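> coords please:
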Amino acid sequence: MEIGESGESGESGESSTGVRLVPWSDEDGGLLRAVNAPELMGHLGGPESEEQLVVRQRRYVELSAAADRPGCMFRVEVLPEGRPAGSVGFWESSWEGEPVYETGWTVLPGFQGRGVATAATLAVIERARAEGRFRSLFAFPSTDNAPSNAVCRKAGFTLLGERDYEYPPGHPLRCNAWRLDLEQGRVPTAGA
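Have a look, this model is predicted:
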């Protein structure tokens, strides 16, 4: 799927501000290591060890390859050149006992501030909506991660408030709980 800054899906891939989502594969281990940088993982308890990355890589590949998958992880490519810019995905989770999707993203420093995270999140919303398994998609950025909270706002999520979360296990995190109703109409444009 390709999506531009306007939020419109495109077939040509000619938009210089658009993104393409490519299901995560064995070849994406290098990208996973790149997004594991301290400056990108600071809001999530810091970088993971090599052993943890191997486990995460395997989990991402398995999630993305499963026929009846409960979500998918994607490599985010910036168009038109197709350069890897980060990752985005959605997976099965729960909220107050209800099955939901959860989403998260990471964008490499050289692509930040250009709307890549918002465009990728808009594209993943459409993927989750197309799956049709759950009504809600949640995001839980830390309260002090202004860029990720802005992505949630721009993508049409509703802020439910702050909550305590543990991520990774053993690391307390104060986050904002954002919810998007997947059964509501189309998402707003990335520039909204």
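> Make sure I have this right: Tyr101 is in a helix.
No - under DSSP: H, G, I helix; E, B strand; the rest coil, Tyr101 sits outside any helix and is assigned strand.
> isn't it right up against Gly132?
No - using CB atoms under 8 Å, Tyr101 is not in contact with Gly132; the gap is 10.7 Å. All C-beta spots, glycine's among them, are computed from the backbone N, C-alpha and C.
> More neighbours: which of those two?
Tyr101 (27 against 9; other CB atoms under 10 Å).
> how close does the more buried one get to Ser136?
Distance of Tyr101 to Ser136, given as CB to CB, to the nearest Å: 7 Å.
> Now the common contact residues for these two.
Leu182 (CB atoms under 8 Å, 6 or more residues apart in numbering).
> Just confirm Glu183 contacts Arg135, I think it does.
Yes - contact criterion CB under 8 Å: Glu183 and Arg135 qualify, at 5.3 Å.
> Show me what the helix or strand encompassing Tyr165 is packed against.
Assigned by DSSP states H and E, Tyr165 falls within strand 158-166. Contact here means 3 or more CB pairs under 8 Å, 6 or more residues apart in numbering; DSSP states H and E; on that basis strand 158-166 packs against strand 172-181.
> What's opposite Leu180 in the beta bridge?
Applying DSSP bridges to Leu180 gives these bridge partners: Leu137.
> And for Phe74?
According to DSSP bridges, beta-bridge pairing links Phe74 with Pro23, Val88.
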